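1. Sequence plus the predicted model coming up.
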Amino acid sequence: MTQTVESPLARKDFVSDQEVRWCPGCGDYAILAQMQKVLPEIGVAREQIVFISGIGCSSRFPYYMNTYGVHSIHGRAPTIATGLKSVNPDLSVWVITGDGDGLSIGGNHLIHCLRRNVDVKIILFNNRIYGLTKGQYSPTSLGGHRTKTSPMGSIDYPLNPISVAIGAEATFVARTQDTNTKHLQEVLRRAAAHKGTAFVEIFQNCVVYNPTAWDHTTKADIRDDNILYLEDGQPLIFGKDRDKGVRVNGMVPEVVQLGDGIDEAELTVHREDMDNTSYAYMLSRMLHPEFPQPFGILRAVSRPSYTDMLVQQVDEARASQKADLAGLLHSSDTWVVE
């Protein structure tokens, strides 16, 4: 059973004694700070929390959390998290990854963790570049992006992290941004409370190698027209003056200007609890500049977790059979499983 804290914790209790070493201005600082602010609220003892990372700038995260942590190998954090959660289901397990680590060498592991609905939280930092290895194009880099490994411009079609997650039928899929700390905190709270795999994409600029990646969602004079904040049960409204909206014809979204005969009643009402993934996938394909990009919870549904079902199977096996390990080890080279 998960150990809860007897006395209130504060952010300082989750700050480790390690010097934080990211580039000045990196969004990782903001994400780290918000995580350290949110964790005291979930009521889980530090000794019951584990952060697991792969390789990349974001993967230094476990060093800076005063919890248990594993800095693992490239792309394999979801597999280690799956194993750890399976043998110790009472732990609160968090995976920290990036667009390169999570979607390139680790893409297969990520997908299977999502489809299994393992009870872990996956936080993917998306800066559309390989930062740690000094600026190569990543699976999320836009076509035409010039980098050290694409000097004439990338000819790859970029992956959309939340489309991948929804395609794998993840039970919780959300998007937020490093610079919007209030929104980031709320998304992390919701992810922590979700039973099953929670997948969160965080937009962040790499201040050295891709500083303009998300300018359209960070610049104060244009961001409100490029972000659609999702609220469950509310119409899809956006814009600096909240004078624009999204309605759906069939399964094709379109941006409309409110007024001139169009009112809120015609807009699509957001529902994060739809079991059918079509609506959430449609939202994930709303891309800049044609559409505002959705921020918030795209999908949050309830489904038995892999972790709970595995524990149930083990308990049933133990209750129904008498195990004789010594007898098995001293038996013949072959045996029958009944």
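-> That came in fine, so what should we check first? Computed from a predicted model, the values in this text were never measured in an experiment. Residues are numbered from 1 along each chain as shown.

2. Assign Val256 to helix, strand or coil.
-> Following DSSP: H, G, I helix; E, B strand; the rest coil, the label given to Val256 is strand.

3. Could you do Arg299 as well?
-> Applying three-state DSSP: Arg299 is strand.

4. now Glu169
-> With three-state DSSP as the criterion, Glu169 reads coil.

5. That one and Arg116 touch, don't they?
-> No. The criterion here is CB atoms under 8 Å, and Glu169 misses it with Arg116 at 10.0 Å. C-beta: built from backbone N, CA, C; applies to glycine.

6. Looking at those two, which one has more neighbours?
-> Each of Glu169 and Arg116 has its neighbours counted (other CB atoms under 10 Å); Arg116 has more, 20 against 17.

7. In space, what's closest to that one - neighbours in sequence excluded?
-> With sequence-adjacent residues excluded and distances taken as CB to CB, 6 or more residues apart in numbering, Arg116 is closest to Tyr306, at 4.1 Å.

8. How about Arg285?
-> Spatially, and ignoring its direct neighbours in sequence, Arg285 is nearest to Ser163 (6.4 Å; CB to CB, 6+ apart).

9. likewise Met251?
-> Met282 is the one closest to Met251 (CB to CB, 6+ apart), at 5.7 Å.

10. any idea what that neighbour is structurally, helix, strand or coil?
-> Per three-state DSSP, Met282 ends up helix.

11. one step back: contacting residues for the residue nearest to Arg285?
-> Tyr281, Ser284, Arg285 (CB atoms under 8 Å, 6 or more residues apart in numbering).

12. most neighbours, which of these?
-> Ser284 (24 neighbours).

13. hang on, that one packs against Ile166?
-> Yes. Contact criterion CB under 8 Å: Ser284 and Ile166 qualify, at 5.6 Å.

14. Mind listing the shared neighbours of those two?
-> Joint contacts of Ser284 and Ile166 (CB under 8 Å, 6+ apart) are Val173, Leu298.

15. so where do the helices sit in the stretch 51-200 of the chain?
-> Per DSSP state H, counting those that start in this stretch, the stretch 51-200 of the chain carries helices over the ranges 77-87, 99-100, 107-116, 161-167, 181-193.

16. so which of the ones you listed is the most packed in?
-> helix 99-100 (a mean of 28; mean count of other CB atoms under 10 Å).

17. on contacts alone, who are the packing partners of that helix?
-> strand 121-126 (3 or more CB pairs under 8 Å, 6 or more residues apart in numbering; DSSP states H and E).

18. Could you report the pLDDT at His330?
-> pLDDT recorded at His330 is 85.

19. where in this structure is pLDDT low?
-> When residues are selected by pLDDT under 70, those of the chain lie in 1-7, 338.

20. Centroid-nearest residue for it?
-> Val200 (2.2 Å; CA atoms, centre = their mean).

21. His71 contacts Gly56, correct?
-> No. Taking contacts as CB under 8 Å, His71 lies outside contact range of Gly56: 10.6 Å.

22. From the neighbour counts alone, determine which of these two ranks first.
-> Gly56 (25 against 16).

23. Now do the contacts for that one.
-> Neighbours of Gly56 in contact, by CB under 8 Å, 6+ apart: Thr97, Gly98, Gly100, Asp101, Phe125, Tyr130, Gly131, Leu132.

24. Return a selection command, for use in ChimeraX, containing the buried ones of the residues you listed.
-> To isolate the buried members of these in ChimeraX, using 16 or more other CB atoms under 10 Å:
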select :97,98,100,101,125,130,131,132
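
25. Looking at the contacts of Gly56, which is nearest Glu19?
-> The shortest approach to Glu19 among those belongs to Leu132, at 17.3 Å (CB to CB).

26. Quick check: bridge partners of Phe295?
-> As for beta bridges, Phe295 partners with Tyr229 under DSSP bridges.

27. what number of residues lie near it?
-> Burial measure for Phe295: 22 neighbouring residues, criterion other CB under 10 Å.

28. and if you look at Cys57?
-> Using other CB under 10 Å: Cys57 sits among 25 other residues.

29. Trp214 now?
-> Trp214: 23 neighbours (other CB under 10 Å).

30. Would you confirm that it contacts Cys206?
-> No. At 10.1 Å, Trp214 and Cys206 do not qualify as touching, with contact defined as CB under 8 Å.

31. re the thing from before, tell me the contacts of the residue nearest to Arg116?
-> By CB under 8 Å, 6+ apart, the neighbours of Tyr306 are Thr82, Arg116, Asn117, Val118, Asp119.

32. ok, what's across the strand from the residue nearest to Ser59 when sequence neighbours are not counted?
-> Spatial nearest neighbour of Ser59, chain neighbours left out: Ser53 (3.6 Å); criterion: CB to CB, 6+ apart. Ser53 forms beta bridges with His71, Ile96, as assigned by DSSP bridges.

33. who are the neighbours in contact with Ser53?
-> Applying CB under 8 Å, 6+ apart, the residues near Ser53 are 59-62, 69-72, 77, 95-97, 101.

34. ok, so of those, who is nearest Trp22?
-> The closest of the contacts of Ser53, once distances to Trp22 are taken by CB to CB, is Arg60, at 7.2 Å.

35. picking that back up, tell me the spacing between the residue nearest to Arg285 and Tyr281.
-> Here the distance between Ser163 and Tyr281 works out to 6 Å (CB to CB, to the nearest Å).
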